[in-house]
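1. Sharing a model that was predicted from the sequence below.
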Amino acid sequence: MINKSTSKKLFAEALEYIPGGVNSPVRAFKAVGGDPVFIASAKGAYIYDVDGNEYIELINSWGPMILGHGNKLVESALISAVKDSTSFGAPSEIEVKMARLISEMVPSIEKVRMVNSGTEATMSAIRLARGYTGREKIIKFEGCYHGHGDSFLIAAGSGAVTMGTPDSPGVTDGTARDTLTAKFNDLKSVEVLVNENKGQVAAIIVEPVAGNMGCIPPDDGFLEGLRNLCNEHQILLIFDEVMTGFRLSAGGAQQLYQVVPDLTTLGKIIGGGLPVGAYGGRKEIMDFVSPSGPVYQAGTLSGNPMAMHAGYAILSFLWKNPSIYNDLDAKTNSICTGIKENLKSHSLNFTINRVGSMFTLFFNENPVRNFEDAKKSDLKVFGEYFNFMLEEGIYLAPSQFESLFVSNAIVQKDIDRIIEANFEALKKVLS
Ligand SMILES: *Cc1c(COP(=O)(O)O)cnc(C)c1O
């Protein structure tokens, strides 16, 4: 057994002062049993806890560390930026460069507004959609997570389902009534809602590749179907690319699947590890945002120079080095192929879903195409598997309902170690 005594001590103290001991629920390891490990540092593909244990990273800060930890470009951008002060609360040149770069990388984004988190991005995007269309309702999908804004905590995936609270207390009935939920990969369920609420739906918001109920790719035609439905009923299509943006390609999932949304929300990678989010889209919609339009949205630290310099460093690297995405795809494919072989040699038939550098091993023998399928996974076995992997030095997301994220810092020997650890962990889980 690895030594976790310092983590244990810190967690006990954290429980005194922080609800559940953590600043974001899934980190508490509640779904997998055991105490969380406290992290001291991370470098490249490795993360180190306060007891000196080393793990191979498959969370990567839930996405942002796409090039691995301690990236030199981000580091030097920050060191140089800090000398000019950490915040102005006034316009600066890097914000203009950042906005231009984002619209080059994601052409459906003609104008963009920077915020401080993915949550803020999605909250602002639906306010804008409501203001622009003059309609009040939104459609989201069961198991999709769009941050912790009130309107989205209805059948929310990710942490909410991990904690058993997909519908949060504290959200008023009025707010809940304006959020309609459809089934992912089921166009019919969306059509029914649209027809039952004719002329009232402002926006359909979707994770184009779901990552917050585990990784679930869109079926062929699903995203196109949403696009057509939106066109037919003058509904705005919002792609929540907080997770997929800059991860599945330089232009995100919309580039990969060639479906153009009206609005896009971004987060995670966009800040290079600093707290950043953004929402953007067609000019005439974005010009509805204050001060050019009537929909109010603001932020004291929005467009913060530190965050902008870090984000710009990582995005411009990704933009100039598109082969990264082939490398990430190949590396993640190797990991998943190895895991599939392990499953076969243990006579197991669990499902692996993967898109590019996102993947989830579901402890589920049937295909996982929506939230209902994902929930049928064996969570107890997942918990055991998670803890065995941690013992083997592999740091996985502590929930079945999360995607894993591969960074480009991973090399062949890490891939071999992950596959070997998976072989051993599956063997232990079975016995
Ligand atoms: C992480 C995530 C969010 C929320 O972003 P935060 O920065 O955690 O507020 C929203 N949508 C999706 C798809 C996400 O993965």
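-> Now that the structure is in, tell me what you want to look at.
2. In contact with the closest residue to the ligand within the chain, which residues?
-> Across the chain, the shortest distance to the ligand (Cβ to the nearest ligand atom) belongs to G118, at 2.1 Å. From N, CA and C alone the C-beta is placed, and that goes for glycine too. Applying Cβ atoms under 8 Å, 6 or more residues apart in numbering to G118 gives the contacts 146-147, 240, 242, 265-268, 277.
3. Quick one: buried ones out of these?
-> 146-147, 240, 242, 265-268, 277 (16 or more other Cβ atoms under 10 Å).
4. near the ligand, from those residues?
-> Among the buried ones among the contacts of G118, the ones lying near the ligand by Cβ under 6 Å from any ligand atom are 146-147, 240, 242, 267, 277.
5. Secondary structure and pLDDT added to those residues, as JSON lines?
-> As requested, these are exported to JSON lines (DSSP: H, G, I helix; E, B strand; the rest coil; pLDDT from 0 to 100):
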{"residue": "H146", "secondary structure": "coil", "pLDDT": "96"}
{"residue": "G147", "secondary structure": "coil", "pLDDT": "95"}
{"residue": "D240", "secondary structure": "strand", "pLDDT": "98"}
{"residue": "V242", "secondary structure": "coil", "pLDDT": "98"}
{"residue": "G267", "secondary structure": "coil", "pLDDT": "98"}
{"residue": "G277", "secondary structure": "strand", "pLDDT": "98"}
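6. now, which of those residues sits nearest M389?
-> V242 (25.7 Å; Cβ to Cβ).
7. My understanding was that the closest one contacts G271; is that so?
-> No. In this structure V242 lies outside contact range of G271 using Cβ atoms under 8 Å: 10.8 Å.
8. which neighbours do the two share?
-> Contacts common to V242 and G271, judged by Cβ under 8 Å, 6+ apart, are G277.
9. ok, I314 - contacts?
-> When contacts are counted by Cβ under 8 Å, 6+ apart, I314 is found next to 66-67, 71, 73-74, 246, 269, 272.
10. The same query, at a cut-off of 10 Å, please.
-> Applying Cβ atoms under 10 Å, 6 or more residues apart in numbering, we find I314 in contact with 64-67, 71, 73-74, 77, 246, 269-274.
11. So the strand or helix carrying it, near the ligand or not?
-> Here I314 sits within helix 305-320, counting by DSSP states H and E. No. Helix 305-320 does not reach the ligand (Cβ under 6 Å from any ligand atom); its nearest approach is 12.1 Å.
12. orientation of the helix or strand following that helix relative to helix 305-320 in degrees?
-> Scanning forward in sequence from helix 305-320 by DSSP H and E, the next helix or strand is helix 323-345. In terms of direction (axes from the mean of the first three to the mean of the last three Cα atoms, to 10 degrees), helix 323-345 departs from helix 305-320 by 80 degrees.
13. Tell me the buried residues in helix 323-345?
-> For helix 323-345, burial by neighbour count (16+ other Cβ under 10 Å) applies to 324-325, 328-329, 331-332, 334-336, 338-339, 342-343.
14. can you give me the strands in this structure?
-> Secondary structure of the chain (DSSP state E): strands at 39-43, 46-49, 54-57, 111-115, 137-141, 179-182, 201-206, 236-240, 263-266, 277-281, 351-355, 358-362, 394-395, 404-405.
15. Export the second one to CSV, keeping only CA atoms.
-> Spelled out, that is strand 46-49. Taking Å, rounded to 0.1, in the frame of the first residue of the first chain, the C-alpha atoms of strand 46-49 are listed here in CSV:
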residue,chain,number,x,y,z
TYR,A,46,3.4,13.2,-13.8
ILE,A,47,1.7,14.4,-10.7
TYR,A,48,3.1,14.2,-7.2
ASP,A,49,1.2,14.0,-3.9
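16. Nothing else from me, thank you.
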